[in-house]
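Engineer: give me coordinates for this.
(4 chains)
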Number of protein chains: 2
Amino acid sequence: MQPRAHVTLEDVARAADVSLATASRALNGMRVTPQLRDRVIAAAEKLAYTPNAHARALAGASHRTVGVICHDVTDPYFAAIAGGVMRVAGDNDLLVMLASTFRDPEREIAYVSMLRAERAPAILLIGSGFEDARWERALEAELKPYLDGGGRVAVVSRHRSLKVDSVLPENRAGAAAMARALLDLGHRRFAVLSGPRALTTVADRLGGFRDELAKAGVTLDPADVVEGPFTRDGGYGAMSELLARGSAATCVFALTDVMAIGACAALRDNGLSVPNDISVAGFDDIPIVRDLTPPLTTVALPLQRLGEKAMELALTENNGRRRRLLRMGGEVVVRASTAKLV
Amino acid sequence: MQPRAHVTLEDVARAADVSLATASRALNGMRVTPQLRDRVIAAAEKLAYTPNAHARALAGASHRTVGVICHDVTDPYFAAIAGGVMRVAGDNDLLVMLASTFRDPEREIAYVSMLRAERAPAILLIGSGFEDARWERALEAELKPYLDGGGRVAVVSRHRSLKVDSVLPENRAGAAAMARALLDLGHRRFAVLSGPRALTTVADRLGGFRDELAKAGVTLDPADVVEGPFTRDGGYGAMSELLARGSAATCVFALTDVMAIGACAALRDNGLSVPNDISVAGFDDIPIVRDLTPPLTTVALPLQRLGEKAMELALTENNGRRRRLLRMGGEVVVRASTAKLV
DNA sequence: GCGCTTTCAGTAAGCGCTTTCAGGATGCTA
DNA sequence: TAGCATCCTGAAAGCGCTTACTGAAAGCGC
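Structural biologist: Here you go, the predicted structure:
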């Protein structure tokens, strides 16, 4: 038998000798005589029938694939959050579509647009927004009609204009707490490995850290703030740059754990010991940092929970009033990568 | 103005005062008088129109979202491969939909079925298959009609029955090479931290390792092979179990790097030093293991390349003849986690 | 046994889009 | 200026499915 390109419901109906409507009903578990239903199901199985999701969606049946857009699934930070999202989605019998923008605002818009086109019931935006008015307007322009059309949106970690449910990790206060913890250890001269200024997360963490230091009368020398991509290699490069500049900092605060990992590698490659020669702290508490030697001091964020909460928000009605889950995490976990200065 | 639930092409056509056909053509860049086209585009923008992807797909337009199914995006191994897939997909202007099965065969089938329903142009299956005849048949039953319907499928790392293009990491020979490398270091008593027997990858790696040892007259004591989940905690647990058993092994081979990381943590927690007290080796060469202390000896797989190749296979015609990219990677990289036994 | 409600299968009307086909301008040749 | 090819535009036919709506048959009370 020559296989048909696609087996349709009509084929099934014909094979079972029933009408289209009956076939549809039988397959969707609606009231149909058991005898007919069995015939339809048998026919469907024999023909390896799979309903065309597009036709189904078009005909009005809701569909169950939510979209999750993050910067980079390859980054453990996003992977952990996505893990949380998928957990809750799985519990609710939803399929998850994960997309990476690789921090390209254009691509983010493209994905939102696509998800909108797919009539996904919900879109989750994970990760820092950009400090870019043009992008903000464009995203707004995509999201507004989507929301008006009944779409649900929840975001993790972007607090700007968007009028949607959000889960906000404690970036600013977390960084401030880290400043205090490091000051308590006796450090007075700090360096910061920063990420792209365009990310709101960078502004928050750097600001929180700097302001708290200022309260203690410690200022951050601009030469001690090095910017690099939010990646392991970005951290490596930034740390190398810092060493090249001959910074006198006794403690380096990397704005993400991933960068901190790169920084530690750079230090090791330069024959410096953490924390004996220099202390290193990170932010996020991604799972791996506990297993590093030395384990990394960092600001703990309940990553998996952030994802779970975001999915839950998107799943429940908000009655048009935006909800915000503030102050998620932000506690400093002091491990062995930071030394007490005597 | 009360926002419509969904702006349709018809709304745009009416606003621009043209026919449906013209609106469609204008928006799709087909030949239309510039004047009309501008009017249509202006109207579309004003109304924040986004074409309904389902209607479009149903009407026959091809769509550009490929599906990637892996065991767990949260695992750096899959994340790295997925990264490669996305790179190539991005270059080809494709959107990628990532799904995690969490090693549940049922869920894998569900995702394939869904992707089939979505009429995704290609499906990529990443990661070991299961040694389970029932599952194999069910998957076959999903894939066959999909392929017959013109769908493209490529797999990474599952070499069983499936008649589809595949990229096969050098599991068996890689493990054998590792056995030789470890023997060369002088080790004679080994332990293996294994994954679920149901995974073909486990059979290959364990078999390759064991057989190569046998060639050198070294046998693997069954008590020195501990099974656990392919996760960090799985490795931790398996290593703990091994210690509890009082194994005399001088070298532990974990079937994946992720497990090896857990194993190192367990050893550290037990006050044992790697590699002084015991050597540890892994498999995969996920990016992080270079940054561990000590950096991990492992079998290097070109993870990103595996993903890229798979995507490329799925993108190019195979004329019904299945292609296999064999012997990808498999070289042993000796780092500091394994010591020479004198 | 008659008229009523109830149950269930079938008919057909879309969902929003692409695309074929046909027809009306337009421009060109002779 | 008639005749023909060339372009565009619009009308309409689906793509495969869901779901009113319709109507027939069956079950009920009197």
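Engineer: what parts of chain A come near DNA strand D?
Structural biologist: Taking Cβ under 7 Å from any atom of the strand, the part of chain A that reaches DNA strand D is made up of A:6, A:8-10, A:20-21, A:24-25, A:27-28, A:49, A:51-52, A:55-56, A:58-61. To be clear about C-beta, it is placed using only N, CA and C from the backbone, and glycine gets the same treatment.
Engineer: now, of the residues you listed, which are buried?
Structural biologist: A:6, A:8-9, A:24-25, A:27, A:49, A:51-52, A:55-56, A:58 (16 or more other Cβ atoms under 10 Å in any protein chain shown).
Engineer: which of the residues you listed fall in helices?
Structural biologist: A:9, A:24-25, A:27, A:55-56, A:58 (DSSP state H).
Engineer: low pLDDT regions in chain A?
Structural biologist: A:1-5, A:159-161 (pLDDT under 70).
Engineer: so is stretch A:240-257 next to chain B?
Structural biologist: No - Stretch A:240-257 is not in contact with chain B by Cβ under 8 Å from any Cβ of the partner chain; minimum separation 11.2 Å.
Engineer: phi, psi for the nearest residue to residue A:300 once chain neighbours are set aside please.
Structural biologist: Of all residues not flanking residue A:300 in the chain, residue A:285 sits nearest, at 3.9 Å (Cβ to Cβ, 6 or more residues apart in numbering or on different chains). Here is the backbone geometry of residue A:285 (degrees, to the nearest 10): phi 60, psi 50.
Engineer: keep only the ones in helices among the buried ones among the residues of chain A next to DNA strand D that also lie close to DNA strand C.
Structural biologist: Answer for these near DNA strand C (Cβ under 7 Å from any atom of the strand): A:25, A:55, A:58.
Engineer: before we move on, the earlier item: residue A:333 is in contact with the residue nearest to residue A:300, correct?
Structural biologist: Yes - between residue A:285 and residue A:333 there is a contact under Cβ atoms under 8 Å: 6.2 Å.
Engineer: now list whatever residues contact both of the two.
Structural biologist: Residues touching both residue A:285 and residue A:333 (Cβ atoms under 8 Å, 6 or more residues apart in numbering or on different chains) are A:298-300.
Engineer: of those residues - the most surrounded one?
Structural biologist: Neighbour tally across those (other Cβ atoms under 10 Å in any protein chain shown): the maximum, 31 neighbours, falls on residue A:299.
Engineer: kindly provide the distance from that one to residue B:151.
Structural biologist: As judged by Cβ to Cβ, to the nearest Å, residue A:299 and residue B:151 stand 46 Å apart.
Engineer: for residue A:284, same thing?
Structural biologist: Distance from residue A:284 to residue B:151, by Cβ to Cβ: 39 Å.
Engineer: these two - which one has more neighbours?
Structural biologist: Using other Cβ under 10 Å, the more surrounded residue of residue A:284 and residue B:151 is residue A:284, with 27 against 20.
Engineer: contact partners for the more buried one?
Structural biologist: A:77, A:256-258, A:298-299, A:301, A:303.
Engineer: let's see 10 Å
Structural biologist: By Cβ atoms under 10 Å, 6 or more residues apart in numbering or on different chains, the contact list for residue A:284 reads A:75-77, A:80-81, A:169, A:174, A:254-260, A:296, A:298-301, A:303, A:329.
Engineer: so which bits of the stretch 1-150 of chain A are right by DNA strand C?
Structural biologist: By Cβ under 7 Å from any atom of the strand, the residues of the stretch 1-150 of chain A that approach DNA strand C are A:18-22, A:25, A:31-33, A:36, A:55, A:58-60.
Engineer: what's the closest of those residues to residue A:280?
Structural biologist: Checking those against residue A:280 with Cβ to Cβ, the nearest one is residue A:58 at 54.2 Å.
Engineer: quick one: contacts for the nearest residue in space to that closest one that is not next to it in sequence?
Structural biologist: Of all residues not flanking residue A:58 in the chain, residue B:54 sits nearest, at 4.5 Å (Cβ to Cβ, 6+ apart). Neighbour list for residue B:54: A:52-59, A:63, A:117-119, B:63, B:118 [criterion: Cβ under 10 Å, 6+ apart].
Engineer: hang on, the earlier thing: nearest to residue B:190, of the residues of the stretch 1-150 of chain A next to DNA strand C?
Structural biologist: Closest to residue B:190, out of all of these and judged by Cβ to Cβ, is residue A:55, at 56.5 Å.
Engineer: so who does the closest residue in space to that closest one that isn't next to it in sequence touch?
Structural biologist: Spatially, and ignoring its direct neighbours in sequence, residue A:55 is nearest to residue B:58 (5.3 Å; Cβ to Cβ, 6+ apart). Going by Cβ under 10 Å, 6+ apart, residue B:58 touches A:52-59, B:52, B:119.
Engineer: which SSE is immediately downstream of the helix or strand hosting residue A:264?
Structural biologist: Assigning secondary structure by DSSP states H and E places residue A:264 in helix A:257-269. Later in the chain than helix A:257-269, the nearest helix or strand by DSSP H and E is strand A:279-281.
Engineer: output the contacting helices and strands for that following strand.
Structural biologist: helix A:171-184, strand A:190-194, strand A:251-254, helix A:257-269, strand A:298-300 (3 or more Cβ pairs under 10 Å, 6 or more residues apart in numbering or on different chains; DSSP states H and E).
Engineer: returning to that earlier point: out of the contacts of residue A:284, which end up buried?
Structural biologist: A:75-77, A:80-81, A:169, A:174, A:254-260, A:296, A:298-301, A:303, A:329.
Engineer: can you tell me, leaving aside adjacent residues, what's nearest to the residue nearest in space to the middle of chain A?
Structural biologist: Central residue of chain A (Cα atoms, centre = their mean): residue A:126, 3.4 Å from the mean position. Nearest residue to residue A:126 in three dimensions, chain neighbours excluded: residue A:70, at 4.0 Å (Cβ to Cβ, 6+ apart).
Engineer: what's the burial count for that neighbour?
Structural biologist: 28.
Engineer: that one touches residue A:81, doesn't it?
Structural biologist: Yes - here residue A:70 lies in contact with residue A:81, judged by Cβ atoms under 10 Å, at a distance of 7.1 Å.
Engineer: so what sits against both of those two?
Structural biologist: In contact with both residue A:70 and residue A:81: A:124, A:126-127, A:156-157, A:307, using Cβ under 10 Å, 6+ apart.
Engineer: restricted to helices, list these.
Structural biologist: Per DSSP H, the shared contacts of residue A:70 and residue A:81 map to helices at residue A:307.
Engineer: of the shared contacts of residue A:70 and residue A:81, which is the nearest to chain B?
Structural biologist: residue A:307 (10.5 Å; Cβ to the nearest Cβ).
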